[in-house]
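**Q** Provide a 3D model corresponding to the input given below.
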Amino acid sequence: NATVARRVRAPTAARGATRTRATRELLDLAALVDVVPSDLALSDAERALGKCAFAALSASSAAFAGKAIFTDEKRAGRGEQIGMYVGNASLFGLLAARWIESGHFPLSNMYESLLFLAWGITAVHLVVTERDGFSESAIPGALAGPTAALTVAGATLALPAELQRATALVPALKSNWLMMHVSVMMLSYATLLVGSLSCVSYLVVDASQDWAAAKGALEKLDKMVSNDGERVRNRPKVSVAADGETVAVETMNASADYGGELAVEATRDGERILTEMDNLAYRCLGAGFTLLTAGLVSGAVWANEAWGSYWSWDPKETWALITWLVYATYLHSRLVAGWSKKDSCAVGAAGFLVVWVCYVGVNLWGVGLHSYGWFANK
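**A** Modelled structure (predicted):
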């Protein structure tokens, strides 16, 4: 009986050792496949690239804003465009370093997506302004530059450390749809934001047009009643020859037309900028709307694979639909309904806030499947 028992226990022990060895091999294989530690802090390279991007974007924004506010022509120069290139390249390098260190596409948390959004804003700005050499107006850069710089600052300074660390992907994100869906959505947000900022530029320039016209009219009236501090007679000046014949009639000093010329010149510059801003907004919002539509469709397919439903009225999904409707209204009002450009741009400008609520507000509030719960936890 003892011999039989030993014969029975021997195969059982062998099978147990084999299972233990197989389990150990599987664990080693998993460690090789999933090389992302559960808590990967920022590297020195990432910190340096983040600071470089913020410094370049801040300097470029200051140059754009200075020319947009304090110059009459409001023309952009090459120096500030180079600053945008440096910021874009720094953000690209930061995202590439993040990808190498984490082992997955850098769009798994709020920190990475904010940096990707800032990179997208600078990339879209450079593409649309370099289309014809570079944009003549400094106004788009004066709005896109600070938006990208503040986005980088928000990612690096405002977010808590736990939202900046790279972690292993949850099972639902271990899919090729992560790159296809999330990257398309982030690029759509970046393009829509640049287009909305162009709409804001249009509204600002349009409002300043009325002020410039009123200023020109006041200067013209001032020239009519005074010349170097001396009052000019309202009666016409008459020159009389020695024989009593009238030879010349001067009704007004020529310098009185200066104010009118100034008003006409300001109006022409304003119309040029308005046309440029309207074209820029239309191109960006049209492209962004197409990307947003593709992102919603790919997200629905991914949701069906991950959660078994194409649409579940998650807060993120709902706000994405609201964003889609806002920009659909802009395109409809501009192409079909025949609204004025000012009214259409007002809709496009409102989309700027809607995008930020959809992207940041819902994600950080702590509700739904797409949230991080930072606001709720605090």
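**Q** Around the residue nearest to residue 309 when sequence neighbours are not counted, count how many other residues there are.
**A** Nearest non-adjacent residue to residue 309, counting by CB to CB, 6 or more residues apart in numbering: residue 303, 6.3 Å away. The C-beta positions use only the backbone N, C-alpha and C, and glycine is treated the same way. Close neighbours of residue 303, defined as other CB atoms under 10 Å, add up to 20.
**Q** Tell me which helix or strand residue 303 sits in.
**A** helix 258-307 (DSSP states H and E).
**Q** Report the mean per-residue pLDDT for that helix.
**A** Mean pLDDT, computed over helix 258-307, is 79.
**Q** Contacts only, for residue 360.
**A** If you count contacts by CB atoms under 8 Å, 6 or more residues apart in numbering, residue 360 has them with residue 110.
**Q** And it, how far from residue 125?
**A** 20 Å (CB to CB, to the nearest Å).
**Q** next one: residue 342
**A** For residue 342, the distance to residue 125 equals 23 Å [CB to CB].
**Q** Equivalent analysis for residue 304, please.
**A** For residue 304 relative to residue 125 (CB to CB), the value is 35 Å.
**Q** repeat for residue 352
**A** Residue 352 is 15 Å from residue 125, by CB to CB.
**Q** and the two? which has more neighbours close in?
**A** Counted by other CB under 10 Å, residue 352 and residue 125 do not tie: residue 125 has more neighbours, with 30 against 19.
**Q** host element of the more buried one?
**A** helix 110-129.
**Q** Next SSE downstream of that helix?
**A** Sequence order places helix 139-153 as the next helix or strand after helix 110-129, per DSSP H and E.
**Q** and that following helix, what does it pack onto?
**A** Applying 3 or more CB pairs under 8 Å, 6 or more residues apart in numbering; DSSP states H and E, we find helix 139-153 packed against helix 44-70, helix 78-102, helix 110-129, helix 183-225, helix 258-307.
**Q** For residue 161, which of the ones you listed is the nearest?
**A** helix 110-129 (9.6 Å; CB to CB).
**Q** buried sites along the closest one?
**A** For helix 110-129, the neighbour count (16 or more other CB atoms under 10 Å) marks 110-126, 128-129 as buried.
**Q** Report the angle between that helix and helix 139-153.
**A** 170 degrees (axes from the mean of the first three to the mean of the last three CA atoms, to 10 degrees).
**Q** Can I get helix 110-129 in CSV, CA atoms only?
**A** The C-alpha atoms that make up helix 110-129 are tabulated as CSV, following Å, rounded to 0.1, in the frame of the first residue of the first chain:
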residue,chain,number,x,y,z
MET,A,110,-5.3,63.9,-18.7
TYR,A,111,-1.7,65.0,-18.5
GLU,A,112,-0.8,63.3,-21.8
SER,A,113,-3.9,64.4,-23.6
LEU,A,114,-3.4,68.0,-22.5
LEU,A,115,0.1,68.0,-23.9
PHE,A,116,-1.2,66.3,-27.1
LEU,A,117,-3.9,69.0,-27.4
ALA,A,118,-1.3,71.8,-27.0
TRP,A,119,0.8,70.1,-29.7
GLY,A,120,-2.2,69.9,-31.9
ILE,A,121,-3.1,73.6,-31.5
THR,A,122,0.4,74.7,-32.5
ALA,A,123,0.5,72.2,-35.4
VAL,A,124,-2.9,73.4,-36.7
HIS,A,125,-1.9,77.0,-36.3
LEU,A,126,1.4,76.4,-38.2
VAL,A,127,-0.4,74.5,-41.0
VAL,A,128,-3.1,77.1,-41.7
THR,A,129,-0.8,80.1,-41.4
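**Q** give the contact list for the residue lying closest to residue 204 once chain neighbours are set aside.
**A** Spatially, and ignoring its direct neighbours in sequence, residue 204 is nearest to residue 139 (7.7 Å; CB to CB, 6+ apart). By CB under 8 Å, 6+ apart, residue 139 lies in contact with 64, 68, 74, 201, 204, 205, 273, 277.
**Q** Next: residue 60.
**A** 80, 81, 82, 83, 84, 86, 87, 141, 145 are the contacts of residue 60 under CB under 8 Å, 6+ apart.
**Q** Now the two most distant members of those.
**A** Longest span within those, CB to CB: 86 and 141, 13.5 Å.
**Q** you'd agree residue 313 is in a helix?
**A** No. Per DSSP: H, G, I helix; E, B strand; the rest coil, residue 313 lies outside any helix segment and is coil.
**Q** Could you give the number of residues near it?
**A** Residue crowding around residue 313 was assessed by other CB under 10 Å; the count is 9.
**Q** Just want the phi and psi numbers for it.
**A** Phi and psi for residue 313, reported as degrees, to the nearest 10, are phi 50, psi 40.
**Q** Can you list the low-confidence ranges for the chain?
**A** In the predicted model, the chain carries pLDDT under 70 at residues 1-42, 132-136, 170-173, 210-270, 364-378.
**Q** Give me the distance between residue 354 and residue 208.
**A** To residue 208, residue 354 is 25 Å away according to CB to CB.
**Q** Revised request: answer the last question for residue 114.
**A** Counting by CB to CB, the gap between residue 114 and residue 208 amounts to 32 Å.
**Q** Kindly report the same for residue 126.
**A** For residue 126, the distance to residue 208 - CB to CB - is 26 Å.
**Q** if we can go back for a sec, does anything pack onto whichever helix or strand comes after the helix holding residue 303? Which helices or strands?
**A** Following helix 258-307 in sequence order, the next helix or strand is helix 315-335 (DSSP H and E). Judged by 3+ CB pairs under 8 Å, 6+ apart, helix 315-335 is in contact with helix 183-225, helix 258-307, helix 341-356, helix 362-365.
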